[in-house]
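Student: need a structure here:
(chains A and B)
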Amino acid sequence: DSGVTQTPKHLITATGQRVTLRCSPRSGDLSVYWYQQSLDQGLQFLIQYYNGEERAKGNILERFSAQQFPDLHSELNLSSLELGDSALYFCASNSVGAGELFFGEGSRLTVL
Amino acid sequence: GQNIDQPTEMTATEGAIVQINCTYQTSGFNGLFWYQQHAGEAPTFLSYNVLDGLEEKGRFSSFLSRSKGYSYLLLKELQMKDSASYLCAVRALGTGTASKLTFGTGTRLQVTL
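Tutor: This next block holds a predicted model:
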């Protein structure tokens, strides 16, 4: 158990819909990262937040947005969903200065 | 930008030794990481190298050559449970608290009897 909690674990929805994925980082970690992993694809970096502020942005689609709240949990919002958005979405956290990221179990999104 | 290459698949026998290579190109290097990922599960941290040389941790070792942009993960005394994907990731020099990792596509290792 990494200490990073993600909900929901599984989500099935239809094209055009909107979903919200939630992440609680490890106790004491201020940084949260979101990654997307499609079938047989590597982990693609989406976005990083540190203590409520955006710190780095990857190839995140305009239909996707994220935020980190004062209690440090983060949400990833995916809208106007397309079939190609079906993937595992991982959240990870770490402490400032620490190297490794600690990953949650992921949220598996299926768009039908 | 960053470019990370590693073999797509490897097969090895239980009890043997396997070496998984990773080459990278980055505009600013600040550490190389290896993760293990079983299918459908979260990646778990294996090792970290920021200086040249070998880091050993039990059955797993990782080597780094910064001048060659090259790393390898060495797995000894392979066990069936080692069948998984092994992800190479690079951290680039960032500003302040930005410290994302860029991952390769992973090497799927199959351990056979």
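Student: Just confirm B:Gln19 is within a strand.
Tutor: Yes - counting by DSSP: H, G, I helix; E, B strand; the rest coil, one finds B:Gln19 located in a strand.
Student: Would you mind listing what in chain B touches chain A?
Tutor: Within chain B, the positions near chain A by CB under 8 Å from any CB of the partner chain are B:31, B:33, B:40-45, B:48, B:50, B:87, B:89, B:91, B:94, B:96-106. In this view, the C-beta of every residue, glycine as well, is placed from N, C-alpha and C.
Student: where does chain A have low pLDDT?
Tutor: Scanning chain A for pLDDT under 70 picks out A:97-98.
Student: which parts of it sit against chain B?
Tutor: Residues of chain A lying near chain B (CB under 8 Å from any CB): A:2, A:30-31, A:33, A:35, A:41-45, A:48, A:50-51, A:55-56, A:58, A:88, A:90, A:94, A:96, A:99-106, A:108.
Student: neighbouring contacts of the helix or strand of chain B with the lowest mean pLDDT?
Tutor: Here the helix or strand of chain B ranked lowest by mean pLDDT, DSSP states H and E is strand B:2-5, holding a mean of 89. For strand B:2-5, the surrounding residues in contact (CB atoms under 8 Å, 6 or more residues apart in numbering or on different chains) are B:22-27, B:88-90, B:92, B:102-105.
Student: Now the two most distant members of those.
Tutor: Farthest-apart pair in the contacts of strand B:2-5 is B:Ser27 and B:Thr105; separation 20.0 Å (CB to CB).
Student: who's more crowded, these two?
Tutor: B:Thr105 (17 against 8; other CB atoms under 10 Å in any protein chain shown).
Student: Now the more buried one: phi and psi?
Tutor: phi -80, psi -10 (degrees, to the nearest 10).
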